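In: Sequence and predicted model, in that order:
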Amino acid sequence: MKKMILAAGVATAGLLATGPGATAALADGTPPLCQTGCVTTFVPPGAGAHGPFGIARGPLGSEWFADGPGNTIDRVSPLGAITAYPVPTPGANPGWVTVDDSGTVWFAERFAGKIGELTPDGTITEFPLPSPSAIPQGIVAAPDGNLYITEQGANAIARLDPVTGQVTQFPVPTPAATPLGLALGRDGALWFVERSAAKIGRMTPDGTFTEYPLAPGASPNRIVAGPDGALWFTELFGGKIGRITTAGDLTEYPLPGGPVGITVGRNGNLYVALFSAHGLDQVNLAGQVTGHWDLPGALQVATGAGLTIWVADNFGGKVYRVTPYLTGGLAASPALAGRGPKWEPRPVTPFTLPAAFCGFKVRVTFPVDKEYGKALTAADGTTLITGSLTATYTNLSTGKAITEKLNGPGKITRRPGSLTTAVKGRSGLFLSPADARRFGLPTVAVTAGAQTVTLALPSGALTSLTLHGHVLVNVCAALS
């Protein structure tokens, strides 16, 4: 079994905010859409057939997907390296995946009737459902600590207690409804689609159901909680996307091309995978298509680091990373034309460090609203970083927290086979336990002075680290 460990990370004000898809904003605040060179293709490792299905964003810039024919759960690192974790049960055909706040990956074993748990240290545990023919599909990690799963074969919603392994099943009222996509609404209820019954279902945590009918033959597929508090879903054969409020008010918008997968981007737009048209649509909350990218194939879709969107092509055997907006410092509005490169704002995203770093999970958040790092990208790909960020580190076991200012300027240089980050000032440092022992440094720290880190590409392995300064804060010790 392969083991997942973060090799090393350096966080300056900019590096915490840097990632694929960071935008070069126009003067009016609207970034230009990417038109060419917007798609990066990733092929699962290993010989034989591949069929990426479920896909989800993980911690520290990673992306996770299930490869059904390969019978693996795969991680794509921020540098594009793919690590495959074999599912213990042969022929399990993993499908839907989700990642909880701790970085644990949960996946549905459709042919085995099990739910799999992949912890950050690479350990896989399987939980059997009451029926081997349950055909688990959609999966949600809920705030109550339970996992909720749609069971296509059992025509039920299952609740799994991951501590005890106990499973409780709640039968869907409509027989042979084919429950598939599942999402958690702002009302605390589970919302799901009934593909064969052409209905949207709602279930409270105590198992009370409400069903909302659609047009016959609509074939609803996936559902997601929108930024407006409503639930948005796709209708494959209806050629529509739908919006339903938690009060049950329904609105539908035409969207040809066989909409299946749907997710919410960090810009507040919807992104819809078009199965028949082989593409990805960007849709605003008025139901208008505001962007489109052709793809070789598309089924499931998920958000990624920055503003990127990831698409799983189940039949094509590949995964695509779509960058919806132009990146790089040379993008500018006509009002700025002729003034040369401009600094880009780089938004930041909270993340959770696995317990392997400190002995307990650490949540890293950025409490100051609209606080950004800034980046300036040169023609040779070198990126300069400036600005400052406020970072809060919280021990998730005790609630103890500390807040530190990160204000180090830096430079990122990418060369064939390596990526080097050089920073000054106050910077965040994240090292695997093995690398921390190797260099005599804490696993999680705030440092002062000049710091240079080089990673090998595409593996992401730490090859060198130089600190001309000192450790200001040993974060793990401060939170203990």
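Out: Done, it's in.
In: List the contacts of the residue lying closest to Val322 once chain neighbours are set aside.
Out: Among residues not flanking Val322 along the chain, Ile309 sits closest, at 4.6 Å (Cβ to Cβ, 6 or more residues apart in numbering). In short, each C-beta sits where N, CA and C put it, glycine included. Applying Cβ atoms under 8 Å, 6 or more residues apart in numbering, we find Ile309 in contact with 263, 265, 271, 280, 301-303, 321-322, 324.
In: Pull out the buried residues from those residues.
Out: 263, 265, 271, 280, 301-303, 321-322, 324 (16 or more other Cβ atoms under 10 Å).
In: What segments of the stretch 301-450 of the chain are strands?
Out: 309-313, 318-322, 344-346, 351-353, 362-365, 373-377, 383-387, 389-395, 401-406, 410-415, 418-423, 426-431, 444-456 (DSSP state E, counting those that start in this stretch).
In: what number of residues lie near Gly201?
Out: 25 (other Cβ atoms under 10 Å).
In: correct me, but it touches Gly185?
Out: No. Between Gly201 and Gly185 there is no contact under Cβ atoms under 8 Å: 11.4 Å.
In: Overlap in contacts, the two.
Out: Common neighbours of Gly201 and Gly185 (Cβ under 8 Å, 6+ apart) are Trp191.
In: Nearest to Thr413 among the contacts of Ile309?
Out: Arg321 (22.0 Å; Cβ to Cβ).
In: burial count for Gly268?
Out: 11.
In: circling back: most packed of the strands of the stretch 301-450 of the chain?
Out: Across the strands of the stretch 301-450 of the chain, the average number of neighbours (mean count of other Cβ atoms under 10 Å) peaks for strand 309-313, which reaches a mean of 26.
In: what angle separates it from strand 318-322?
Out: 160 degrees (axes from the mean of the first three to the mean of the last three Cα atoms, to 10 degrees).
In: And the average pLDDT for strand 309-313 is what?
Out: Strand 309-313 shows a mean pLDDT of 97 in the predicted model.
In: Would you agree Ala478 falls within a strand?
Out: No. Counting by DSSP: H, G, I helix; E, B strand; the rest coil, Ala478 is not found in a strand; it is helix.
In: how far away is it from Leu429?
Out: 14 Å (Cβ to Cβ, to the nearest Å).
In: Wait, His278 touches Leu299, no?
Out: No. Contact between His278 and Leu299 fails when scored by Cβ under 8 Å: they sit 10.2 Å apart.
In: Give me the buried positions along stretch 149-161.
Out: Result for stretch 149-161 [16+ other Cβ under 10 Å]: buried residues 149-160.
In: Any idea how far apart the tips of it sit?
Out: 11 Å (Cα to Cα, to the nearest Å).
In: Tell me the bridge partners for Ala158.
Out: Ile149, Gln169 (DSSP bridges).
In: Use 19 as the first number from now on
Out: Okay, residue one is now 19; in that scheme the one you just asked about reads as Ala176.
In: weakest of the strands of the stretch 319-468 of the chain by average pLDDT?
Out: Among those, strand 362-364 carries the lowest mean pLDDT (a mean of 53).
In: Give the burial count for Gly134, as a bare number.
Out: 25.
In: ok, back up a step: looking at His296 and Leu317, which is more packed in?
Out: Leu317 (23 against 17).
In: Next one: the more buried one from Thr472, what distance?
Out: Distance from Leu317 to Thr472, by Cβ to Cβ: 38 Å.
In: quick one: Gly109 from Gly131, how far?
Out: On the measure of Cβ to Cβ, Gly109 and Gly131 end up 12 Å apart.
In: One more: Pro197?
Out: 15 Å.
In: Those two: which has the busier surroundings?
Out: The neighbour comparison of Pro197 against Gly131 (other Cβ under 10 Å) goes to Pro197, with 27 against 21.
In: Direction included, what does the helix or strand hosting Trp82 pair against?
Out: Assessed by DSSP states H and E, Trp82 sits inside strand 81-85. Sheet pairing of strand 81-85 (DSSP bridges) gives strand 70-75 (antiparallel), strand 90-94 (antiparallel).
In: Name the residues that touch that strand?
Out: Against strand 81-85 from outside (Cβ under 8 Å, 6+ apart): 62, 68-76, 90-94, 102, 112-115, 117, 123, 125-126, 320, 322-323, 328, 330, 337, 339.
In: on that earlier part again, among the buried ones among the contacts of Ile327, which one lies nearest to Thr228?
Out: Thr281 (24.5 Å).
In: Just confirm the closest one contacts Val319, I think it does.
Out: Yes. Counting by Cβ under 8 Å, Thr281 does reach Val319; the two are 4.9 Å apart.
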